[in-house]
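# got a structure for you, letters missing:
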């Protein structure tokens, strides 16, 4: 009956693999928590930065014939074009 020792060996290997998978899963869950916390922190910082920028834009004086935000949009477009121009 060599099948019984073979079966016992296979079960032992499966148990070892199961334990390894559990350890790997625990590590991945920890990594996910860290990355999720980092993402949430970055989202919060981005929202705060956007709010500060919006507040600064609101403080800009209005340009002739339009709003300050319109002038910024026009300037941003020309700045993008100048960055793409070859020297």
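Received the coordinates, thanks. Here the structure is a predicted model, which is why all the values come from computation and not from measurement.
# what strand or helix carries residue 21?
helix 3-59 (DSSP states H and E).
# and that helix, what does it pack against?
Packing partners of helix 3-59 (3 or more CB pairs under 8 Å, 6 or more residues apart in numbering; DSSP states H and E): helix 68-84. Placement of C-beta: from N, CA and C, glycine included.
# re earlier: distance between the helix holding residue 21 and the chain's centre?
How far helix 3-59 lies from its chain's middle: 13 Å, per CA atoms, centre = their mean, to the nearest Å.
# distance of residue 41 from residue 35?
11 Å (CB to CB, to the nearest Å).
# the residue nearest the centre of the chain and residue 6, how far apart?
By CA atoms, centre = their mean, the chain has its centre lying nearest to residue 39, at 5.0 Å. Residue 39 is 48 Å from residue 6, where distance means CB to CB.
# thinking again about what came up before, average pLDDT for the helix holding residue 21?
For helix 3-59, mean pLDDT rounds to 97.
# buried stuff in stretch 58-65?
Within stretch 58-65, no residue is scored as buried using 16 or more other CB atoms under 10 Å.
# typo on my end, it should be stretch 46-61
By neighbour count with 16+ other CB under 10 Å, stretch 46-61 contains no buried residues.
# give me the distance from it to the chain's centre.
When distances are taken as CA atoms, centre = their mean, stretch 46-61 is centred 23 Å away from the chain's centroid.
# need phi/psi at residue 60.
phi -70, psi 140 (degrees, to the nearest 10).
# change the start of the numbering to 367 and stick with it
Yes, from this point I'll number from 367; that puts the last item at residue 426.
# now it: how far from residue 402?
In this view, residue 426 and residue 402 are 37 Å apart by CB to CB.
# swap in residue 409?
11 Å.
# cool, and residue 370?
In terms of CB to CB, residue 370 sits 47 Å off from residue 402.
# can you check residue 395 too?
Residue 395 is 10 Å from residue 402, by CB to CB.
# cool, and residue 374?
42 Å.
# one more: residue 392?
Residue 392 is 16 Å from residue 402, where distance means CB to CB.
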